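1. Can you look at this prediction? I've put the sequence above it.
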Amino acid sequence: MAIPTEPIGSIPRPAELIEAGRDLAAGRITAENYQEAVDWALRDTIARFEATGSPVISDGEQAKPSFATYPIAGLDNLAPDGVVIPFADGHSRQLPRLTTGPFHYSVSADAFLEKALRYARAPVKQAVISVSALSLLYPQEPIPGYSREAFTNDLLAEAEAEIRSCLARGAHNVQIDFTEGRLSLKLDPSGGLLRSFVDLNNRLLDRFSAEERARLGVHTCPGGDQDSVHSADVDYADLLPSLFNLHATNFYIQLASEPDRSRVLDIIREQSRPDQQIFVGVTDPISQRVETVDEVRERVLEAAGFIPPERLGTTDDCGFSPFGDDTSTSRETAFAKISARVEGTVAAARELGC
């Protein structure tokens with residue numbers, strides 16, 4: 001395919017898997033029983049993903065409790081009263097708070113990748129959470145005997161090891177989820193928090209060679225949970241100049257749900273660098289309406305008026321149901337949208353003569 005197209009990551013979990021998670025938490029089933037449910041959901045997800053014709057797939061993050069907190073699931077040095085992330089519809093998600101050091105991951109994303117590769121025939125990308133998101137675990141008051149800088153060094157080491165393991169195991173590429181980028185401007189309109197996030201992520205990215213960074217990307221969106229978002233009211237004009245300062249090659253940018261796509265595309269044209277590949281969102285995961293192939297084709301052609309086709313790719317605005325308990329979108333809707341993205345991208349590439 002002349003214009004590449006990739007998913008973001010998450011696919012809604014089947015009802016059976018969500019129920020199995022509740023049963024495990026309540027002690028009604030064993031961890032082995034739960035793993036059987038995860039394995040079934042994984043096989044079904046990959047089979048349905050490949051049936052869409054998507055040239056690159058993911059594992060749907062079926063085994064992750066959420067896209068954000070999977071590396072710390074089960075750690076015993078966390079308290080539940082961390083940073084609160086409010087969504088537009090009034091609900092919120094809350095991160096845990098680190099109570100003692102040292103910090104380490106309880107699970108690395110390459111473990112999910114290894115299982116996906118057992119069943120997949122198509123290339124598999126792997127999503128990982130950003131170090132800037134996990135930096136929010138450290139409280140404002142210093143932890144006795146464990147400084148913020150010590151925490152940051154441990155965090156960077158864990159994240160580097162995770163990405164290297166994913167690349168070594170055969171990931172098509174690795175996508176860093178940076179949904180807190182746009183949110184940071186809501187928390188701190190001065191841009192200071194955003195700049196610190198970019199600097200921290202670059203400390204990680206700079207540990208990789210130029211060849212390795214060609215397989216690394218960054219995803220941005222205004223969040224997506226239970227058909228709501230946390231920062232769509234933040235102007236992209238305030239985010240994108242800093243976003244493109246990240247030392248990554250591939251950028252996955254929510255666009256389909258933007259009220260003025262051409263304005264955002266113009267900012268992308270002005271602010272992105274010639275060596276950066278831009279994957280624009282052409283489907284909206286928090287809308288229940290499935291886009292038509294023609295709608296996707298028109299969105300790709302619109303983007304090609306601002307971004308050279310050789311630097312253009314397509315994606316979904318966000319992951320579908322990135323939190324494990326989100327039932328707002330069905331699997332059928334998610335895969336129908338993915339099929340439209342794939343077919344619409346092919347149609348646009350053909351029209352562009354790519």
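-> Sure, I can see it. Every value quoted in this text rests on a predicted model; they were computed, and no experiment measured them.
2. so how far is S339 from the closest residue to V342 other than its chain neighbours?
-> If the residues on either side of it in the chain are set aside, V342 comes closest to G53, at 4.9 Å by CB to CB, 6 or more residues apart in numbering. Where C-beta positions appear, they are placed from N, C-alpha and C, glycine not excepted. Distance of G53 to S339, computed by CB to CB, to the nearest Å: 7 Å.
3. Please work out the average pLDDT along stretch 345-354.
-> In this model, stretch 345-354 carries a mean pLDDT of 95.
4. Over to stretch 68-86?
-> Rounded mean pLDDT across stretch 68-86 is 92.
5. quick one: terminal-to-terminal distance for that stretch?
-> Stretch 68-86 stretches 15 Å from its first residue to its last (CA to CA, to the nearest Å).
6. In it, which residues are buried?
-> A68, T69, Y70, P71, I72, L75, N77, L78, G82, V83, I85, P86 (16 or more other CB atoms under 10 Å).
7. What residue, apart from its backbone neighbours, is nearest the third one spatially?
-> Yep, that's Y70 we're talking about. Per CB to CB, 6+ apart, closest to Y70 is K64, 4.1 Å.
8. Now do the same contact list for the one you found.
-> S10, Y70, F112, G324 (CB atoms under 8 Å, 6 or more residues apart in numbering).
9. got it, and I278?
-> I278 neighbours (CB under 8 Å, 6+ apart): F251, I253, I268, S272, A303, I307, R311, L312, G313.
10. do that again at 10 Å, thanks
-> 244, 250-253, 255, 265, 268-269, 272, 303, 306-308, 311-315 (CB atoms under 10 Å, 6 or more residues apart in numbering).
11. burial measure for T327, as a count.
-> Neighbours of T327 under the rule other CB atoms under 10 Å: 11.
12. List the residues that contact it.
-> Taking CB under 10 Å, 6+ apart, one finds P12, R13, A15, I18, Q226, S321 in contact with T327.
13. what are the ranges of the helices in the stretch 51-200 of the chain?
-> Counting by DSSP state H, counting those that start in this stretch, the stretch 51-200 of the chain has helices at residues 109-119, 131-135, 148-169, 180-187, 192-205.
14. The ones you listed: lowest mean pLDDT?
-> Among the helices of the stretch 51-200 of the chain, helix 180-187 scores lowest, with a mean of 93.
15. how many other residues sit next to D110?
-> By other CB under 10 Å, neighbour count at D110 equals 23.
16. Nearest residue to it in space, please, no chain neighbours.
-> Taking CB to CB, 6+ apart, and ignoring the residues beside it in sequence, D110 has S165 as its nearest neighbour in space, at 3.8 Å.
17. quick one: contacts for that neighbour?
-> S108, A109, D110, A111, L113, E114, Q126, A171, V174.
18. which parts of stretch 325-343 are buried?
-> So stretch 325-343, judged by 16+ other CB under 10 Å, has buried residues 326, 328-329, 331, 333-335, 337-343.
19. export these to CSV and tack on secondary structure and distance to D199?
-> Putting these into CSV (DSSP: H, G, I helix; E, B strand; the rest coil; distance: CB to CB, whole Å) gives the following:
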residue, secondary structure, distance to D199
D326, coil, 31
S328, coil, 35
T329, coil, 35
R331, helix, 39
T333, helix, 38
A334, helix, 35
F335, helix, 38
K337, helix, 35
I338, helix, 34
S339, helix, 39
A340, helix, 38
R341, helix, 33
V342, helix, 36
E343, helix, 40
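20. Report the two of these separated the most.
-> Taking CB to CB, the two most distant members of those are D326 and E343; they sit 26.1 Å apart.
21. Spit out the contact partners of the residue nearest to H104 when sequence neighbours are not counted.
-> Of all residues not flanking H104 in the chain, E158 sits nearest, at 6.0 Å (CB to CB, 6+ apart). By CB under 10 Å, 6+ apart, the contact list for E158 reads P71, I72, P102, F103, H104, Y105, S108, V131, L134.
22. Give me the buried subset of those residues.
-> Buried members of these, scored by 16+ other CB under 10 Å, are P71, I72, F103, Y105, S108, V131, L134.
23. can you list contacts of whichever strand or helix holds E211?
-> Assigned by DSSP states H and E, E211 belongs to helix 210-213. For helix 210-213, contacts defined as CB under 10 Å, 6+ apart pick out 163-164, 167, 174, 205-207, 246-250, 275.
24. Report the buried members of those.
-> I163, R164, L167, V174, L205, L246, H247, A248, T249, N250.
25. so where's the stretch 151-300 of the chain uncertain?
-> Across the stretch 151-300 of the chain, nothing is flagged by pLDDT under 70.
26. give me that answer again for 80
-> Applying pLDDT under 80 to the stretch 151-300 of the chain flags the ranges 224-225, 227.
27. cool, and the stretch 1-150 of the chain?
-> 1.
28. Quick check: the two most widely separated of the contacts of K64?
-> The distance between the two most remote of the contacts of K64 (CB to CB) is 12.9 Å, for F112 and G324.
29. related to what we said a few turns ago, what's the offset of the helix holding E211 from the middle of its chain?
-> 20 Å (CA atoms, centre = their mean, to the nearest Å).
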